[in-house]
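J.: Kindly return the folded structure for what I paste below:
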Amino acid sequence: MNPLVTISIPIYKCADFLEACLDSVRLQTYSTIEVILINDQTPDNSVQIAEDFIKKHQLEDWRIIHLAKNSGLSVVRNKGIDTALGKYVFFIDSDDTITYDCISTLVEIAEKTGAEMTISQLECHQLQTGVKSLCIKINSNERFIEGNKNIFKAFANSELVTYGVNKLLLVNFIKENEIYFVPDIFAEDELWSFMMYMRLTKIGINKKVTYTYFLHQKSIIHNRSKKTFDDWLTIAKYVNNAFKEEKDLEKKKLILSYFTHYKNLTLTMNWKAQKSPVHWKESYSEYKKLSSLRFVDYLSPDFTISVKKEDFFNTLPTALGFQFFQWRYNR
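T.: Okay, the predicted model is just below:
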(Lines give C-alpha, C1' and ligand atoms only; values in the text may rest on other atoms or scores of the structure.)
Protein backbone atom coordinates (compact mmCIF):
# COMPACT_ATOMS: atom_id res chain seq x y z
CA MET A 1 0.00 0.00 0.00
CA ASN A 2 1.37 3.42 -0.96
CA PRO A 3 2.06 5.73 2.00
CA LEU A 4 0.09 8.95 2.28
CA VAL A 5 1.97 12.13 1.36
CA THR A 6 0.86 15.52 2.68
CA ILE A 7 1.58 18.41 0.33
CA SER A 8 1.62 21.75 2.15
CA ILE A 9 1.06 24.96 0.18
CA PRO A 10 1.06 28.52 1.60
CA ILE A 11 -1.52 31.02 0.39
CA TYR A 12 -0.37 34.61 0.48
CA LYS A 13 -0.45 37.14 -2.37
CA CYS A 14 -0.16 34.42 -4.99
CA ALA A 15 -3.21 35.02 -7.20
CA ASP A 16 -1.14 35.35 -10.39
CA PHE A 17 0.57 31.99 -9.94
CA LEU A 18 -1.60 29.81 -7.72
CA GLU A 19 -3.65 27.93 -10.31
CA ALA A 20 -0.56 26.69 -12.17
CA CYS A 21 0.88 25.47 -8.86
CA LEU A 22 -2.33 23.68 -7.89
CA ASP A 23 -2.64 22.08 -11.31
CA SER A 24 0.87 20.63 -11.11
CA VAL A 25 -0.09 19.07 -7.76
CA ARG A 26 -3.47 17.81 -8.99
CA LEU A 27 -1.88 16.04 -11.97
CA GLN A 28 0.64 14.02 -9.96
CA THR A 29 1.06 10.41 -11.08
CA TYR A 30 1.20 9.48 -7.40
CA SER A 31 -2.36 9.37 -6.11
CA THR A 32 -2.10 8.79 -2.35
CA ILE A 33 -1.93 12.47 -1.54
CA GLU A 34 -3.64 14.96 0.73
CA VAL A 35 -3.19 18.69 0.12
CA ILE A 36 -3.23 21.33 2.84
CA LEU A 37 -3.51 24.94 1.67
CA ILE A 38 -2.73 27.34 4.51
CA ASN A 39 -4.18 30.83 4.24
CA ASP A 40 -1.81 33.28 5.91
CA GLN A 41 -4.53 35.95 5.83
CA THR A 42 -3.78 36.89 2.23
CA PRO A 43 -5.25 40.27 1.21
CA ASP A 44 -5.88 39.24 -2.42
CA ASN A 45 -8.32 36.73 -3.95
CA SER A 46 -6.00 33.73 -3.69
CA VAL A 47 -8.33 31.90 -1.28
CA GLN A 48 -11.22 32.27 -3.71
CA ILE A 49 -9.06 30.87 -6.49
CA ALA A 50 -8.17 27.87 -4.31
CA GLU A 51 -11.79 27.28 -3.28
CA ASP A 52 -12.97 27.44 -6.90
CA PHE A 53 -10.19 25.07 -7.97
CA ILE A 54 -11.09 22.50 -5.30
CA LYS A 55 -14.78 22.69 -6.17
CA LYS A 56 -14.21 22.53 -9.93
CA HIS A 57 -12.08 19.38 -9.71
CA GLN A 58 -14.01 17.83 -6.79
CA LEU A 59 -10.88 17.34 -4.72
CA GLU A 60 -12.02 15.58 -1.55
CA ASP A 61 -8.56 15.23 -0.02
CA TRP A 62 -7.77 18.94 -0.31
CA ARG A 63 -8.50 21.36 2.53
CA ILE A 64 -7.86 25.00 3.37
CA ILE A 65 -6.71 26.06 6.83
CA HIS A 66 -7.12 29.72 7.78
CA LEU A 67 -4.62 31.22 10.20
CA ALA A 68 -6.06 33.74 12.67
CA LYS A 69 -3.56 36.40 11.61
CA ASN A 70 -0.75 36.92 9.11
CA SER A 71 2.16 35.05 10.67
CA GLY A 72 4.78 34.44 7.99
CA LEU A 73 6.07 31.41 6.12
CA SER A 74 7.70 29.72 9.12
CA VAL A 75 4.40 29.52 10.97
CA VAL A 76 2.66 28.33 7.80
CA ARG A 77 5.20 25.55 7.31
CA ASN A 78 4.97 24.52 10.96
CA LYS A 79 1.19 24.35 10.62
CA GLY A 80 1.68 22.07 7.63
CA ILE A 81 3.83 19.75 9.73
CA ASP A 82 1.48 19.68 12.71
CA THR A 83 -1.68 19.07 10.67
CA ALA A 84 -0.17 16.53 8.25
CA LEU A 85 -1.88 13.16 8.25
CA GLY A 86 0.65 11.64 5.86
CA LYS A 87 3.73 9.57 6.55
CA TYR A 88 5.62 12.21 4.58
CA VAL A 89 5.24 15.95 4.11
CA PHE A 90 6.31 17.93 1.04
CA PHE A 91 6.49 21.73 0.80
CA ILE A 92 5.82 23.64 -2.39
CA ASP A 93 5.57 27.42 -2.65
CA SER A 94 2.40 28.75 -4.25
CA ASP A 95 4.19 30.47 -7.14
CA ASP A 96 6.12 27.34 -8.19
CA THR A 97 5.29 24.05 -9.91
CA ILE A 98 6.39 20.42 -9.69
CA THR A 99 6.80 17.79 -12.39
CA TYR A 100 4.05 15.20 -12.68
CA ASP A 101 6.31 12.43 -11.38
CA CYS A 102 7.82 14.47 -8.52
CA ILE A 103 6.09 12.76 -5.60
CA SER A 104 6.23 9.25 -7.05
CA THR A 105 9.98 9.63 -7.69
CA LEU A 106 10.73 10.81 -4.16
CA VAL A 107 8.46 8.27 -2.46
CA GLU A 108 10.09 5.40 -4.33
CA ILE A 109 13.53 6.48 -3.13
CA ALA A 110 12.38 7.11 0.45
CA GLU A 111 10.62 3.76 0.76
CA LYS A 112 13.57 1.82 -0.67
CA THR A 113 16.21 3.51 1.49
CA GLY A 114 14.33 4.44 4.67
CA ALA A 115 15.52 8.03 4.20
CA GLU A 116 14.26 10.60 6.65
CA MET A 117 14.69 13.21 3.93
CA THR A 118 14.75 12.72 0.17
CA ILE A 119 15.95 15.73 -1.78
CA SER A 120 15.63 16.52 -5.44
CA GLN A 121 17.01 18.99 -7.97
CA LEU A 122 15.11 22.16 -8.80
CA GLU A 123 15.45 24.52 -11.73
CA CYS A 124 15.03 28.29 -11.73
CA HIS A 125 12.87 29.88 -14.41
CA GLN A 126 13.34 33.61 -14.94
CA LEU A 127 9.89 34.76 -16.05
CA GLN A 128 11.05 37.99 -17.68
CA THR A 129 13.61 36.30 -19.93
CA GLY A 130 12.36 32.71 -20.04
CA VAL A 131 15.84 31.47 -19.12
CA LYS A 132 16.01 28.23 -17.12
CA SER A 133 19.01 27.11 -15.08
CA LEU A 134 20.09 24.81 -12.27
CA CYS A 135 20.62 27.80 -10.01
CA ILE A 136 20.87 25.90 -6.72
CA LYS A 137 22.66 22.67 -7.54
CA ILE A 138 22.93 19.49 -5.56
CA ASN A 139 26.68 18.91 -5.81
CA SER A 140 26.87 15.51 -4.12
CA ASN A 141 27.61 12.55 -6.38
CA GLU A 142 25.97 10.15 -3.93
CA ARG A 143 22.45 8.75 -4.25
CA PHE A 144 22.19 7.76 -0.60
CA ILE A 145 24.13 8.97 2.44
CA GLU A 146 23.95 7.21 5.80
CA GLY A 147 25.37 8.35 9.12
CA ASN A 148 24.94 11.82 10.60
CA LYS A 149 28.59 12.83 10.31
CA ASN A 150 28.69 11.79 6.66
CA ILE A 151 25.54 13.77 5.97
CA PHE A 152 26.70 16.84 7.86
CA LYS A 153 30.09 16.72 6.15
CA ALA A 154 28.38 16.80 2.76
CA PHE A 155 26.26 19.72 4.00
CA ALA A 156 29.29 21.61 5.35
CA ASN A 157 31.07 21.09 2.03
CA SER A 158 28.12 22.68 0.15
CA GLU A 159 27.22 19.40 -1.55
CA LEU A 160 23.60 19.51 -0.34
CA VAL A 161 20.89 22.16 -0.58
CA THR A 162 19.17 24.34 2.02
CA TYR A 163 15.85 25.15 0.37
CA GLY A 164 12.80 23.87 2.26
CA VAL A 165 10.80 22.97 -0.83
CA ASN A 166 11.19 19.91 -3.05
CA LYS A 167 12.09 17.61 -0.17
CA LEU A 168 10.12 14.59 0.97
CA LEU A 169 10.29 14.56 4.76
CA LEU A 170 9.38 11.88 7.27
CA VAL A 171 6.79 13.57 9.50
CA ASN A 172 7.53 11.53 12.63
CA PHE A 173 11.24 12.33 12.34
CA ILE A 174 10.50 16.07 12.32
CA LYS A 175 8.11 15.87 15.24
CA GLU A 176 10.23 13.56 17.39
CA ASN A 177 13.28 15.79 16.94
CA GLU A 178 11.21 19.00 17.16
CA ILE A 179 12.77 20.44 14.01
CA TYR A 180 10.44 23.32 13.28
CA PHE A 181 10.91 26.57 11.38
CA VAL A 182 11.83 29.57 13.55
CA PRO A 183 9.13 32.26 13.18
CA ASP A 184 9.64 35.81 11.97
CA ILE A 185 12.98 35.48 10.21
CA PHE A 186 13.96 35.79 6.57
CA ALA A 187 15.89 32.82 5.13
CA GLU A 188 14.09 30.47 7.51
CA ASP A 189 15.03 27.58 5.20
CA GLU A 190 18.75 28.04 5.94
CA LEU A 191 18.37 27.71 9.69
CA TRP A 192 15.81 24.90 9.45
CA SER A 193 18.08 22.98 7.07
CA PHE A 194 21.03 23.42 9.42
CA MET A 195 18.96 21.98 12.26
CA MET A 196 17.79 19.10 10.04
CA TYR A 197 21.29 18.20 8.87
CA MET A 198 22.44 18.24 12.50
CA ARG A 199 20.02 15.34 13.14
CA LEU A 200 19.58 13.34 9.92
CA THR A 201 20.94 9.81 9.71
CA LYS A 202 19.70 8.77 6.23
CA ILE A 203 19.03 10.88 3.14
CA GLY A 204 18.14 9.96 -0.42
CA ILE A 205 19.24 12.12 -3.35
CA ASN A 206 17.60 12.49 -6.74
CA LYS A 207 19.55 14.57 -9.28
CA LYS A 208 16.63 14.81 -11.68
CA VAL A 209 14.72 18.11 -11.84
CA THR A 210 11.28 17.77 -10.21
CA TYR A 211 10.58 21.38 -9.22
CA THR A 212 10.48 24.74 -11.03
CA TYR A 213 11.23 27.83 -8.95
CA PHE A 214 9.91 30.89 -10.75
CA LEU A 215 11.86 34.12 -10.41
CA HIS A 216 9.84 37.29 -10.82
CA GLN A 217 9.72 40.79 -9.36
CA LYS A 218 7.48 39.64 -6.51
CA SER A 219 9.91 36.90 -5.48
CA ILE A 220 11.22 37.31 -1.95
CA ILE A 221 14.77 36.94 -3.29
CA HIS A 222 14.39 40.37 -4.88
CA ASN A 223 12.99 42.08 -1.78
CA ARG A 224 15.69 42.34 0.86
CA SER A 225 15.86 44.99 3.56
CA LYS A 226 17.87 45.83 6.68
CA LYS A 227 15.76 43.23 8.54
CA THR A 228 17.11 40.61 6.15
CA PHE A 229 20.66 41.38 7.27
CA ASP A 230 19.58 41.31 10.93
CA ASP A 231 17.93 37.92 10.37
CA TRP A 232 21.10 36.52 8.84
CA LEU A 233 22.83 37.57 12.05
CA THR A 234 20.11 35.87 14.10
CA ILE A 235 20.73 32.64 12.17
CA ALA A 236 24.47 33.07 12.70
CA LYS A 237 23.91 33.26 16.45
CA TYR A 238 21.91 30.01 16.37
CA VAL A 239 24.77 28.31 14.52
CA ASN A 240 27.32 29.84 16.87
CA ASN A 241 25.47 28.41 19.88
CA ALA A 242 25.26 25.00 18.22
CA PHE A 243 29.02 25.12 17.65
CA LYS A 244 29.71 25.97 21.28
CA GLU A 245 27.36 23.28 22.60
CA GLU A 246 28.61 20.48 20.33
CA LYS A 247 30.80 17.99 22.21
CA ASP A 248 32.05 15.93 19.28
CA LEU A 249 35.30 17.53 18.06
CA GLU A 250 34.96 16.28 14.49
CA LYS A 251 31.47 17.67 14.17
CA LYS A 252 32.55 20.97 15.75
CA LYS A 253 35.05 21.38 12.93
CA LEU A 254 32.38 20.63 10.34
CA ILE A 255 30.04 23.21 11.90
CA LEU A 256 32.86 25.77 11.85
CA SER A 257 33.57 25.07 8.17
CA TYR A 258 29.90 25.58 7.34
CA PHE A 259 29.75 28.69 9.54
CA THR A 260 32.75 30.26 7.82
CA HIS A 261 31.17 29.76 4.43
CA TYR A 262 27.81 31.03 5.70
CA LYS A 263 29.32 34.30 6.89
CA ASN A 264 31.15 34.82 3.61
CA LEU A 265 28.07 34.01 1.53
CA THR A 266 25.67 36.25 3.45
CA LEU A 267 28.10 39.17 3.41
CA THR A 268 28.20 38.83 -0.37
CA MET A 269 24.40 38.62 -0.56
CA ASN A 270 24.19 41.62 1.76
CA TRP A 271 26.27 43.67 -0.66
CA LYS A 272 24.41 42.48 -3.75
CA ALA A 273 21.07 43.41 -2.17
CA GLN A 274 21.74 47.05 -1.31
CA LYS A 275 25.43 47.89 -1.79
CA SER A 276 25.32 49.77 1.50
CA PRO A 277 28.76 50.13 3.13
CA VAL A 278 27.08 50.96 6.44
CA HIS A 279 24.90 47.81 6.51
CA TRP A 280 27.77 45.63 5.27
CA LYS A 281 30.15 46.89 7.93
CA GLU A 282 27.54 46.42 10.65
CA SER A 283 27.08 42.78 9.66
CA TYR A 284 30.81 42.22 9.31
CA SER A 285 31.51 43.70 12.76
CA GLU A 286 28.81 41.54 14.37
CA TYR A 287 30.09 38.37 12.65
CA LYS A 288 33.56 39.03 14.06
CA LYS A 289 32.13 38.68 17.57
CA LEU A 290 31.16 35.07 16.81
CA SER A 291 33.24 31.90 16.56
CA SER A 292 35.97 31.67 13.94
CA LEU A 293 39.10 29.67 13.22
CA ARG A 294 41.90 29.75 15.76
CA PHE A 295 45.56 30.04 14.83
CA VAL A 296 46.02 26.30 15.35
CA ASP A 297 43.15 25.65 12.90
CA TYR A 298 45.12 27.37 10.12
CA LEU A 299 47.78 24.70 10.62
CA SER A 300 45.26 21.85 10.60
CA PRO A 301 44.49 19.69 7.54
CA ASP A 302 40.89 19.45 8.83
CA PHE A 303 40.08 22.78 7.17
CA THR A 304 40.40 23.40 3.44
CA ILE A 305 42.45 26.25 1.96
CA SER A 306 39.17 27.80 0.84
CA VAL A 307 37.75 27.83 4.39
CA LYS A 308 40.99 29.30 5.76
CA LYS A 309 40.93 32.08 3.16
CA GLU A 310 37.29 32.88 3.86
CA ASP A 311 37.93 33.00 7.59
CA PHE A 312 40.95 35.28 7.14
CA PHE A 313 38.99 37.77 5.04
CA ASN A 314 36.06 37.60 7.51
CA THR A 315 38.15 38.53 10.57
CA LEU A 316 40.17 41.57 9.47
CA PRO A 317 39.68 45.03 11.00
CA THR A 318 36.34 46.18 9.61
CA ALA A 319 37.60 49.01 7.39
CA LEU A 320 40.33 46.79 5.93
CA GLY A 321 37.91 43.88 5.59
CA PHE A 322 35.58 46.09 3.54
CA GLN A 323 38.41 47.19 1.25
CA PHE A 324 39.48 43.59 0.63
CA PHE A 325 35.84 42.55 0.10
CA GLN A 326 35.30 45.21 -2.57
CA TRP A 327 38.55 44.22 -4.27
CA ARG A 328 37.52 40.54 -4.32
CA TYR A 329 33.94 41.31 -5.33
CA ASN A 330 34.93 43.53 -8.26
CA ARG A 331 37.67 41.29 -9.66
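
J.: For the chain, just list every one of the helices.
T.: Ranges of helices in the chain, per DSSP state H, are 18-26, 46-57, 73-83, 102-113, 148-156, 171-177, 188-197, 226-245, 249-274, 277-287, 295-298, 305-314, 318-329.

J.: of all those helices, which lies closest to Val209?
T.: Smallest distance to Val209 across the helices of the chain (CB to CB): 9.3 Å, for helix 102-113. All C-beta atoms are positioned from the backbone trio N, CA, C, and that covers glycine.

J.: in the closest one, what's buried?
T.: Within helix 102-113, the residues that count as buried by 16 or more other CB atoms under 10 Å are Cys102, Ile103, Ser104, Thr105, Leu106, Val107, Glu108, Ile109, Ala110, Glu111, Thr113.

J.: circling back to that earlier point, so which of the helices of the chain comes closest to Asn2?
T.: Of those, nearest to Asn2 by CB to CB is helix 102-113, at 7.1 Å.

J.: Tell me, how many residues neighbour Asn45?
T.: 12 (other CB atoms under 10 Å).

J.: typo on my end, Glu51
T.: Residues lying near Glu51 (other CB under 10 Å) number 14.

J.: so what's it up against?
T.: Taking CB atoms under 8 Å, 6 or more residues apart in numbering, we find Glu51 in contact with Ile64.

J.: What of the one 3 residues further on?
T.: Under the criterion of CB under 8 Å, 6+ apart, the contact list for Ile54 reads Trp62, Ile64.

J.: mind redoing it with 7 Å?
T.: Counting by CB atoms under 7 Å, 6 or more residues apart in numbering, Ile54 touches Trp62.

J.: try Ala115
T.: Neighbouring residues of Ala115 by CB under 7 Å, 6+ apart: Ile109, Lys202, Ile203, Gly204.

J.: Please apply the same query to Thr210.
T.: Listed by CB under 7 Å, 6+ apart, the contact set of Thr210 reads Ile98, Thr99, Cys102, Thr105, Ser120, Gln121, Asn166.

J.: Give me the pLDDT value at it.
T.: For Thr210, the model assigns a pLDDT of 97.

J.: okay, the helices of the chain, which one's buried deepest?
T.: Most buried of the helices of the chain by mean neighbour count (mean count of other CB atoms under 10 Å) is helix 188-197; its value is a mean of 22.

J.: Mind giving me the packing neighbours of that helix?
T.: Packing partners of helix 188-197 (3 or more CB pairs under 7 Å, 6 or more residues apart in numbering; DSSP states H and E): helix 148-156, helix 226-245.

J.: rewinding a little: can I get the helices of the chain in JSON lines including mean pLDDT and distance to Ile136?
T.: Shown next, in JSON lines, are these (pLDDT from 0 to 100; distance: least, CB to CB, whole Å):
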{"stretch": "helix 18-26", "mean pLDDT": "97", "distance to Ile136": "19"}
{"stretch": "helix 46-57", "mean pLDDT": "97", "distance to Ile136": "26"}
{"stretch": "helix 73-83", "mean pLDDT": "97", "distance to Ile136": "17"}
{"stretch": "helix 102-113", "mean pLDDT": "98", "distance to Ile136": "16"}
{"stretch": "helix 148-156", "mean pLDDT": "97", "distance to Ile136": "14"}
{"stretch": "helix 171-177", "mean pLDDT": "98", "distance to Ile136": "22"}
{"stretch": "helix 188-197", "mean pLDDT": "96", "distance to Ile136": "11"}
{"stretch": "helix 226-245", "mean pLDDT": "92", "distance to Ile136": "17"}
{"stretch": "helix 249-274", "mean pLDDT": "94", "distance to Ile136": "12"}
{"stretch": "helix 277-287", "mean pLDDT": "94", "distance to Ile136": "22"}
{"stretch": "helix 295-298", "mean pLDDT": "95", "distance to Ile136": "29"}
{"stretch": "helix 305-314", "mean pLDDT": "96", "distance to Ile136": "19"}
{"stretch": "helix 318-329", "mean pLDDT": "93", "distance to Ile136": "21"}
